[in-house]
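Engineer: A structural model of the following input is requested.
(one chain, ligands or ions: 1)
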Amino acid sequence: MKFYNREKELNYLKNYVQLEPTSILFVYGPKSSGKSTVMMRVIKELENSNIVFFYYNLRKYATPTKDEFLSIFFEKSDKKYLLNKLEINLKIFKFGIEENFDFNDVKLNDVFAKINECINAVIKDGKRPVLVIDELQKLKNIYFNGGKSLLNELFNLFVSLTKMEHLCHVICLTSDTLFIDNVYRHSSLSEASEYYLIDWLKKHDIKKILKEEEFNEKEIDYCLNYLSLPYEISQLINNKKLGLSVEETIKRWVNIEADGIKYLIDTSDLIEEEIYKVLSKFKDKIKINYKKDVKKEEMKYIKFLIENEILFYDVINGVIKPTSIKKWYAIKEILDNR
Ligand SMILES: Nc1ncnc2c1ncn2[C@@H]1O[C@H](COP(=O)(O)OP(=O)(O)OP(=O)(O)O)[C@@H](O)[C@H]1O
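Structural biologist: Residues are numbered from 1 along each chain as shown. The predicted structure follows:
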């Protein structure tokens, strides 16, 4: 699979993991903007460095239970940390735990003590641990002894590992911006966190990639109006090979998106008129300002559109926009057809 551009993001993350850890890093961005792909590329490019990446991709699992969380994060072994054998293309590690450790009735403090032991073992070996969790919000419904929320307690552990003790970087990737919103407004976390946006591809980068992929000038001009995400480029290339023109493919995409949005509205229990009213804010502009353009009573409808990945809320910059440019055209199409 070809990797397109993202030099700036790659460099940022490669440099970031080599600095002293001082805060938790939240990498966020619109759906499918390429957050995991960039992170995996960082791990690949640093595979011969002294960094030990503990990379847990929770996207691969259905929402985990407590037992599943333990088996995703730990592996029975006489080592304190060990290569994840299931990942053949990537040198990533799991926390090691002794063979006779009993996962039944385990207390959260014991789990955290084990994580600390593993991280300290890496440091003792003269290496630098980096913990990366993709789609961390999937742990939000796990509770341990006495009803303790795993996620809240993990945040305390992460603050301790980064801001307090500077032992280990903790990087959380997510496209769930309502989750980021909660984190951002959480007083003790906001002072211990940094945020990095992996956004749509820039027009000049798309142009460069399309030129390299031998698209002609006319095709490039057409594409530049509609493309924003890296996977769209790979799909266009494949469709071209299958004999579909760029214009046909894009028109079909916009149609499918428009159908999807209309179906979502038609099957929702919310007041249809209010959803359309919110969408009409995007009739003539691609992004709106949360503070200036959104009224309190509209937030319910905006949240609905964010949860359903029609809109993306960039909490840090106070901007709301469709999750992709193609989605923007789909919104405009359903507004025009009303
Ligand atoms: N720089 C890139 N070059 C080529 N393909 C890419 C690039 N970035 C992402 N992709 C492709 O786009 C798709 C989505 O990428 P990825 O899963 O990394 O996005 P994400 O932002 O992590 O997604 P999500 O929002 O679901 O968490 C994948 O098929 C991936 O291979």
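Engineer: how about residue 81, phi and psi?
Structural biologist: Main-chain torsions, residue 81, degrees, to the nearest 10: phi -150, psi 150.
Engineer: pretty sure it is touching residue 120, no?
Structural biologist: No: if you go by CB atoms under 8 Å, residue 81 and residue 120 don't touch, sitting 10.2 Å apart. C-betas here are computed from N, CA, C, even on glycine.
Engineer: higher neighbour count, these two?
Structural biologist: Using other CB atoms under 10 Å as the criterion, residue 81 and residue 120 rank with residue 81 on top: 20 against 14.
Engineer: any idea what that one is bridged to?
Structural biologist: As for beta bridges, residue 81 partners with residue 95 under DSSP bridges.
Engineer: which bits of the stretch 51-200 of the chain sit near the ligand?
Structural biologist: Contacts of the stretch 51-200 of the chain with the ligand, taken as CB under 6 Å from any ligand atom, map to residue 175.
Engineer: show me where the stretch 201-338 of the chain dips below the pLDDT cut-off.
Structural biologist: Within the stretch 201-338 of the chain, no stretch falls below the threshold (pLDDT under 70).
Engineer: can you give me the strands for the stretch 1-150 of the chain?
Structural biologist: For the stretch 1-150 of the chain, strands defined by DSSP state E, counting those that start in this stretch occupy the ranges 24-28, 51-57, 74-76, 81-83, 93-97, 128-134, 143-144, 148-149.
Engineer: redo the ones you listed as a markdown table? Include distance to residue 253 and mean pLDDT.
Structural biologist: Converted to a markdown table, these look like this (distance: least, CB to CB, whole Å; pLDDT from 0 to 100):
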| stretch | distance to residue 253 | mean pLDDT |
| --- | --- | --- |
| strand 24-28 | 24 | 96 |
| strand 51-57 | 27 | 97 |
| strand 74-76 | 41 | 94 |
| strand 81-83 | 40 | 97 |
| strand 93-97 | 38 | 96 |
| strand 128-134 | 26 | 97 |
| strand 143-144 | 41 | 90 |
| strand 148-149 | 40 | 88 |
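Engineer: how about the helices in the stretch 151-300 of the chain?
Structural biologist: 177-185, 187-190, 203-212, 217-224, 230-241, 246-266, 272-279, 290-293, 299-307 (DSSP state H, counting those that start in this stretch).
Engineer: same thing with the stretch 1-150 of the chain?
Structural biologist: Using DSSP H, counting those that start in this stretch, helices in the stretch 1-150 of the chain cover 7-16, 35-45, 66-73, 108-124, 150-159.
Engineer: ok, which of the ones you listed comes nearest residue 338?
Structural biologist: Closest to residue 338 of the helices of the stretch 1-150 of the chain, according to CB to CB: helix 35-45, at 34.3 Å.
Engineer: what residues does the closest one touch?
Structural biologist: Applying CB atoms under 8 Å, 6 or more residues apart in numbering, the set of residues contacting helix 35-45 from outside is 3, 6, 9-10, 13-14, 17, 27-29, 53, 55, 57, 59, 89-92, 132, 134, 171, 173-175, 198, 230.
Engineer: can we see that at 6 Å?
Structural biologist: Applying CB atoms under 6 Å, 6 or more residues apart in numbering, the contact partners of helix 35-45 are 3, 6, 9, 13-14, 27, 29, 53, 90, 134, 173, 198.
Engineer: same question for stretch 320-338.
Structural biologist: So stretch 320-338 is contacted by 30-31, 226, 228-229, 253-254, 257-258, 261-262, 279-280, 282-283, 286-288, 290, 309, 311-313 (CB under 6 Å, 6+ apart).
Engineer: list only buried entries from those residues.
Structural biologist: Among the contacts of stretch 320-338, those classed as buried by 16 or more other CB atoms under 10 Å are 30, 226, 228-229, 253-254, 257-258, 261, 279, 282, 287-288, 309, 311-313.
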